[in-house]
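A.B. asks: turn this into a structure:
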Amino acid sequence: VGNRDDSNLYINMKLKAAAEIGISANHIKLPNTATEADVLKCIASLNGDPAVHGFIVQLPLDSDKPINTEKITNAVAPEKDVDGLSSINAGKLSRGDLGDCFIPCTPKGCMELIRQTGVQVAGKRAVVVGRSKIVGAPMHDLLLWNHATVTTCHSKTTTLAEEVGKADILVVAAGKAEMVKGEWIKPGAIVIDCGINHVPDSTKASGKRVVGDVAYNTAKERASYITPVPGGVGPMTVAMLMQSTVESAQRFLEKFQPGKWNIHYNQLTLKIPVPSDIEISQSCLPKPIEQLAKEVGLLPDEVELYGQTKAKVQLSVLKRLKNQPDGKYVVVAGITPTPLGEGKSTTTVGLVQALGAHLHQNVFACVRQPSQGPTFGIKGGAAGGGYCQVIPMEEFNLHLTGDIHAITAANNLVAAAIDARIFHELTQTDQALYTRLVPSVSGVRKFSDIQIRRLQKLGINKTDPATLTKEEISSFVRLDIDPGKITWQRVLDTNDRFLRKITIGQSPTEKGFSRTAQFDITVSSEIMAVLALADGLDDMKKRLGRMVVASSKKGEPVTADDLGVTGALAVLMKDAVKPNLMQTLEGTPVFVHAGPFANIAHGNSSVLADKVALKLVGKEGFVVTEAGFGADIGMEKFFNIKCRYSGLQPHVVVLVATIRALKMHGGGPAVTAGVPLPKEYMEENLQLLAKGCSNLNKQIENAQMFGVPVVVAVNAFKTDTKAELALVVKLAKEAGAFDAVECTHWAEGGKGAVALARAVQRASQTPNNFRFLYNVELPVVDKIRLIAQKVYGASDIELLPEAQEKVALYTKQGFGNLPICMAKTHLSLSHNPEQKGAPTGFVLPIRDIRASVGAGFLYPLVGTMSTMPGLPTRPCFYDIDLDTVSGAVNGLF
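C.D. replies: Presented below is the predicted three-dimensional model:
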């Protein structure tokens, strides 16, 4: 800190010494205006950087601001405190733990000089003159633990000459010129002089010379060994600093295997019967999230803590690790599910717990953030279940770090801007609008950057607001939005069926400009899909600006950029773009980021979370992510949309199946949420099961279509028989799966998924020929037909009139080369949720096509789905409550 000449001299000596022996060293310079907080922040960054093996704080701290030196030296991590000045290292030295601490460099150098004499320290009488924390006090401890009998003297010692005369070994660090006289010294003593003092000397050009604390000329006549000043202890101090840094690097390498995390896993205490999910979650004490971040290689300044159990991760980590090879990329998909779900989230968590806590691989799970709507509906939460959960589940399932609220605010800002723009264009002249859009500030009118972009889009290459013609002003200020062609809706993250269709603008202040509108659920907002597919903050901002929110009366697309809200949206979303770090029950890391629906959106967690995780796990590690709904929906979109935009190539597909769902596909009775399962699902029925495996076979085929090996995870329930489980394993392998494995992770945690983890490891070593299903340059209809025929098993598609119009419109507007995101039921491979198994020969009806231009896809609507679900008769929230004494959340999620 600062720019003291003496400090710079010492630092340069150390840098020169480091360069001579091959240590990479650099000088971090803080100005003399630096505050204590500035210094502590710098130290925290160095503490967390695994590339730094040691660092020192050069004293004194030359700052204009008050700085507590003790606080600064104690902020240095003990394992990097190569100066040995922290209280922890001092305490270990005083306790005799010499192999587990760093010794201050000057005392360490003094001991090395004493050893060089060949004189045994043990049993000798040693005297230390001086009691400073840097030299005197640690020198006393060092001599003592090397078995000398030690006396410490100082400026108040009345019998100093007498004490010095008894010393076989004398170390002087008093800071007083030639304080110790030669005649005091015992003949044959070893004398170590640590002092550096300036005394007047008219024979020197500077008018002064350097002397030690010992009168050298007379002392050397009595001592057997004596260090000169300068040139004695000083160079040894620098040498010991180098040695301590090398020792620190050696300790680091012994403790941390290259590429392997040094991570603490939580031990599960399994109970039979398995308790409720929230009981299990709350019985497990999560690690401090700060500890987990450090364990997986994140630096302190890359982590933003949100309490003790969740944190956001800065995207700067991608730049730091840009040269780190990616790990193995695994996607968990499923067969066509029952309304109860088949345990993809549970299997995702179980697999990472097995890979991490049991097979000791670097592994990350990347999952979606659940919507509050389904959480408080009948579905409940999405943290996994049993002994395979993301914890704390109540934090995971509710607000988390506020990303969904940010999306709600951003989405509704766009909606408000649309109606406000329509209102003002209907009630104001061109000039009045222009005056409001480009106001005079301090007598100066200036276009903003976003307004310049709008002018360029209109072909107006002017930057001076005063030079626009009346026609140009009119084109600039009027978006001329067609109220009947507004595609952007307001959102709310609650299942509220009565907002599916509303009338807005009924207040008298709106002057009769009312229209019919609707609310969607927040996770269906295009902004959520943008967040999930963005490659960074800049990419997200560009995607937000490209979002088409309406059409003009001339049929031209109106974007968020045209509305002038792009910058505001980016500001609202600037924190949401950072992935959220949490953990599983067994202490493995999880990124929870983005939660787009898997029907009208692509149903996958964020590209950014996957990219950060792949860098953190390293070449031999694994990242396991989950695709929503069945493989025909979530997995197909994962490959054709997410991987296309991210550039990432998956190594393995894990396909989750249950006996229950396969029996349903074989012709079993309907499975209904909240209703007990019919007896057919509680009893062994191999014939029904074998018939239902047609759906499993088709989903295996779907995965193989993309050139990726498939491992089937048979998620076992207590009602499943060994014969049923064995039959599914056999038929899956016959259908072409790389392997098929019975899993009991719900009841046993990671232990119950070890066989699955080993199969995934083996599959990841096999060559795969990943490929997309279609070229985006194909016509829109051809892309839809390919998905329908290849993935669903349809014979053809039928475009209803509205869909035909949209094909023509989007092709004309230049959106025809976007990927396709099919919005259809997840309960069947076809458009009919009642058709189970693997139906073929059906014609897939496309009733409409919509565009998410910012996110980057077209989504054809198949069947009748609502983007605002309603609550059931008995929603989940009846079972959720808060203990106002303990603050604990009780009930079901």
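A.B. asks: mind listing what residue 421 touches?
C.D. replies: 479, 481, 563 (Cβ atoms under 8 Å, 6 or more residues apart in numbering). For the C-beta atoms, the positions are set from N, CA and C on the backbone; glycine is no exception.
A.B. asks: pLDDT on the one helix or strand it maps to, on average?
C.D. replies: Following DSSP states H and E, one finds residue 421 within helix 403-427. In this model, helix 403-427 carries a mean pLDDT of 96.
A.B. asks: now swap in stretch 844-853 and tell me
C.D. replies: So the average pLDDT for stretch 844-853 ends up being 95.
A.B. asks: what separates it from the chain centre, distance-wise?
C.D. replies: Distance, stretch centre to chain centre, for stretch 844-853: 34 Å (Cα atoms, centre = their mean, to the nearest Å).
A.B. asks: and the closest residue to residue 54 other than its chain neighbours, backbone torsions?
C.D. replies: Spatial nearest neighbour of residue 54, excluding adjacent residues (Cβ to Cβ, 6 or more residues apart in numbering): residue 82 at 3.5 Å. Residue 82 has phi and psi values of phi -70, psi -10 when expressed as degrees, to the nearest 10.
A.B. asks: quick one: residue 82 and residue 76, what's the gap?
C.D. replies: 9 Å (Cβ to Cβ, to the nearest Å).
A.B. asks: again, but for residue 268
C.D. replies: Distance from residue 268 to residue 76, by Cβ to Cβ: 37 Å.
A.B. asks: neighbour count for these two, which is higher?
C.D. replies: residue 76 (25 against 20; other Cβ atoms under 10 Å).
A.B. asks: ok, now which ones touch that one?
C.D. replies: So residue 76 contacts 43, 47, 55, 57, 83, 85-86 (Cβ under 8 Å, 6+ apart).
A.B. asks: for those residues, which entry has the maximal number of neighbours?
C.D. replies: Most surrounded of the contacts of residue 76: other Cβ under 10 Å gives residue 83, at 25 neighbours.
A.B. asks: need the nearest residue in space to that one, chain neighbours excluded.
C.D. replies: residue 56 is the one closest to residue 83 (Cβ to Cβ, 6+ apart), at 4.3 Å.
A.B. asks: contacting residues around that neighbour?
C.D. replies: Counting by Cβ under 8 Å, 6+ apart, residue 56 has contacts 14, 82-83, 241.
A.B. asks: what's the answer for residue 554, then?
C.D. replies: Counting by Cβ under 8 Å, 6+ apart, the residues that residue 554 touches are residue 480.
A.B. asks: got a markdown table for the contacts of residue 56, with distance to residue 230, pLDDT and secondary structure too?
C.D. replies: Output for those, formatted as a markdown table (distance: Cβ to Cβ, whole Å; pLDDT from 0 to 100; DSSP: H, G, I helix; E, B strand; the rest coil):
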| residue | distance to residue 230 | pLDDT | secondary structure |
| --- | --- | --- | --- |
| 14 | 16 | 93 | helix |
| 82 | 23 | 96 | coil |
| 83 | 20 | 94 | coil |
| 241 | 17 | 95 | helix |
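A.B. asks: just the residues you listed now: which is nearest residue 333?
C.D. replies: Ranked by distance to residue 333 (Cβ to Cβ), those are led by residue 82 at 50.4 Å.
A.B. asks: so how far is residue 43 from the residue nearest to residue 83?
C.D. replies: Counting by Cβ to Cβ - residue 56 and residue 43 are separated by 11 Å.
A.B. asks: count of neighbours near residue 199?
C.D. replies: So residue 199, with other Cβ under 10 Å, has 10 neighbours.
A.B. asks: isn't it right up against residue 212?
C.D. replies: No - look at residue 199 against residue 212 with Cβ atoms under 8 Å: they stay out of range, at 10.5 Å.
A.B. asks: give the residues shared as contacts by those two.
C.D. replies: What both residue 199 and residue 212 touch, as defined by Cβ under 8 Å, 6+ apart, is the set 177-178.
A.B. asks: so which bits of stretch 832-842 are buried?
C.D. replies: Neighbour counts over stretch 832-842 (16 or more other Cβ atoms under 10 Å) mark 832, 835-839, 842 as buried.
A.B. asks: residue 458 contacts residue 477, correct?
C.D. replies: No - the criterion here is Cβ under 8 Å, and residue 458 misses it with residue 477 at 10.8 Å.
A.B. asks: when the two are compared, which one has more neighbours?
C.D. replies: It is residue 477, of residue 458 and residue 477, that has more neighbours when counted by other Cβ under 10 Å, with 24 against 12.
A.B. asks: quick one: contacts for the more buried one?
C.D. replies: 425, 430, 433-434, 437.
A.B. asks: tell me which helix or strand comes right after the helix holding residue 421.
C.D. replies: helix 430-437.
A.B. asks: report the angle between that following helix and helix 403-427.
C.D. replies: 150 degrees (axes from the mean of the first three to the mean of the last three Cα atoms, to 10 degrees).
A.B. asks: show me what the mean pLDDT comes to for helix 430-437.
C.D. replies: Helix 430-437 shows a mean pLDDT of 95.
A.B. asks: with stretch 830-839 instead?
C.D. replies: So the average pLDDT for stretch 830-839 ends up being 95.
A.B. asks: show me what contacts residue 568?
C.D. replies: residue 413.
A.B. asks: SS state for it?
C.D. replies: helix (DSSP: H, G, I helix; E, B strand; the rest coil).
A.B. asks: okay, how far is it across stretch 517-530, tip to tip?
C.D. replies: 23 Å (Cα to Cα, to the nearest Å).
A.B. asks: go on, stretch 123-136?
C.D. replies: 20 Å.
A.B. asks: and if you look at stretch 13-30?
C.D. replies: 19 Å.
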